[in-house]
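# please find the sequence and the predicted model below.
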Amino acid sequence: MTKLIDTVELLRELIAFPTVSSESNLALLDNLGGWLEHAGAEVEIFHDESGTKGNLFATIGPKTDGGIVLSGHTDVVPAQGEEWTNDPFEMVERDGLLYGRGTCDMKGFIAATVAMAPLLANAVRDRPLHFAFTHDEEVGCVGAANLADVLSSRGLKPAVAIIGEPTMMRVIEGHKGCCEYTTRFEGLAGHGSTPDNGVNAVEFAVRYVSRLMELRRPLMARAPTNSRFVPPYTTINTGRLSGGVAHNVIADHAEVQWEMRPVQNSDGAFVREEMRRYVHEHLLPEMHATCPDARIVTEVIGEVDGFEPTSENEARDILMELTGDDDPELVSFGTEAGIYQNLGMDVVVCGPGSIEQAHKPDEFIATSQLQHCLTMLEGLCPKLAGNGTA
């Protein structure tokens, strides 16, 4: 019960930091760093290029490979414009539920890991324990990608990563990737009565979208055998198409916002290459015939790597043992798991709270979920004695 009280009070502190993705998270990282240093961790904070955000990476135990990483993102989605019963950045407890922006997504998990740090530190022997708290997950897993570069440059190779996204403490062993793009078209304006004298950016944007739609069938054929995803293949969605200024004016600009959800990373490469080829071999030559300055530019909004299920996964096996969940699942939402998997780690997604509460007004987490998480973390202690075994 003491650790639950500590977790709730620490969560109250964390919620008071309004770490919306557009704002700095450095004050929150300093707070967490102080708690972890008190538990005996060696703490480092790596700033982004702006100097206003950062990632925290802390280690308890020997500086060796094979460690266990507890990972969470510190940024939250905006609460502005939502109808909250209370101030979203002042945690309120009612009937065993803790309300506040980020309670479940995912400061609850972070608070639990830091509250448990002293106990976990006492258990560490040969196997190091790492804490990875990142920025800008909500806008494309930017911080985790930066942290991955740091770990790679140092040659540090943890073996296991536990990503504490809200799953109601269910064990998740895979999810699709999420790649978001904005493609902009710049043509040549003119009078609508003489369309051949201009380059209609909207019409080229429509052709671009049509090509995206044509790729759906080959993506279905590329679905892995016995894929457990729903649907089992990579999907493409066009979220928005806009452009032009009036009925009788040739549109000189247009924009397409689109995304794909790869079930395997090779599908993402396939779509990007097909669209690149279509643009350079078909669309741009036609546009340049009338306007040499015409352009098509694609901006990467975010590319979140998929988390592919594997037959051997120590992280999954550990969490199955500790939670009693013997039926690992796949989810549709994205996480930082694929980034850690690409570093060679065994990865699992498992954390307190429900994804159904994330990104909504009056977001909450149940104290019973935090207690479930604390029990799981306590069960990690024998795994830190060495070689991942009890």
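The structure has been received and is ready for your questions. Numbers count the residues shown, from 1 in each chain.
# spit out the contact partners of residue 378.
Applying CB atoms under 8 Å, 6 or more residues apart in numbering to residue 378 gives the contacts 116, 119. All C-beta atoms are positioned from the backbone trio N, CA, C, and that covers glycine.
# and it, helix, strand or coil?
helix (DSSP: H, G, I helix; E, B strand; the rest coil).
# any idea how far residue 123 is from it?
9 Å (CB to CB, to the nearest Å).
# check residue 292 too.
In terms of CB to CB, residue 292 sits 67 Å off from residue 123.
# the more surrounded of the two?
Neighbours per residue, other CB atoms under 10 Å: of residue 292 and residue 123, the larger number sits with residue 123, 17 against 8.
# what sits against the residue lying closest to residue 363 once chain neighbours are set aside?
Excluding the flanking residues, the one nearest residue 363 by CB to CB, 6 or more residues apart in numbering is residue 357, at 5.1 Å. Counting by CB under 8 Å, 6+ apart, residue 357 makes contact with 103-105, 166, 363-365.
# now swap in residue 206 and tell me
residue 241.
# can you list the buried residues in whichever helix or strand it is part of?
Using DSSP states H and E, residue 206 sits in helix 201-214. Buried residues in helix 201-214, counted by 16 or more other CB atoms under 10 Å: 201-206, 208-209, 211-212.
# now do stretch 164-183
Buried-residue list, stretch 164-183, by 16+ other CB under 10 Å: 164-181, 183.
# ok, residue 172 touching residue 350?
Yes - here residue 172 reaches residue 350: they are 6.4 Å apart, a contact under CB atoms under 8 Å.
# hmm, residue 62 is touching residue 156, no?
No - judged on CB under 8 Å, residue 62 makes no contact with residue 156 at a distance of 11.7 Å.
# more neighbours, the two?
Counted by other CB under 10 Å, residue 62 and residue 156 do not tie: residue 156 has more neighbours, with 17 against 14.
# per-residue pLDDT, the spatially most central residue of the chain?
For the chain, the residue nearest the mean C-alpha position is residue 335 (3.5 Å; CA atoms, centre = their mean). Residue 335 carries a pLDDT score of 94 in this model.
# likewise for residue 37?
98.
# so which residues of the stretch 251-390 of the chain form strands?
With strands called from DSSP state E, counting those that start in this stretch, the stretch 251-390 of the chain shows them at 253-261, 295-304, 329-331, 346-349, 364-366.
# nearest to residue 19, of those?
strand 364-366 (16.5 Å; CB to CB).
# parallel or antiparallel, which strands does the closest one pair with?
strand 97-99 (antiparallel) (DSSP bridges).
# would you tell me what the next helix or strand after the strand it pairs with is?
Assigned by DSSP H and E, the successor of strand 97-99 is helix 108-115.
# which elements pack onto that following helix?
In terms of contacts (3 or more CB pairs under 8 Å, 6 or more residues apart in numbering; DSSP states H and E), helix 108-115 is packed against helix 2-15, helix 26-38, strand 68-73, strand 129-134, helix 367-379.
# got a list of what residue 138 touches?
Residue 138 neighbours (CB under 8 Å, 6+ apart): 21, 73, 75-77.
# leaving out chain neighbours, which residue sits closest to it?
The nearest residue in space to residue 138 (CB to CB, 6+ apart) is residue 21, at 4.8 Å.
# just the helices in the stretch 201-350 of the chain please.
201-214, 216-221, 265-278, 284-290, 314-323, 337-342 (DSSP state H, counting those that start in this stretch).
# report the beta-bridge partners for the closest residue to residue 309 other than its chain neighbours.
In space, and not counting its chain neighbours, residue 309 is closest to residue 174: 3.8 Å by CB to CB, 6+ apart. Per DSSP bridges, the residues bridged to residue 174 are residue 330.
# for residue 174, report the pLDDT, please.
pLDDT at residue 174 comes out at 95.
# also residue 389?
Residue 389 is assigned 43 on the pLDDT scale.
# re the thing from before, ok, the residue nearest to residue 138 - how many residues close by?
Residue 21: 20 neighbours (other CB under 10 Å).
# perfect, that will be all.
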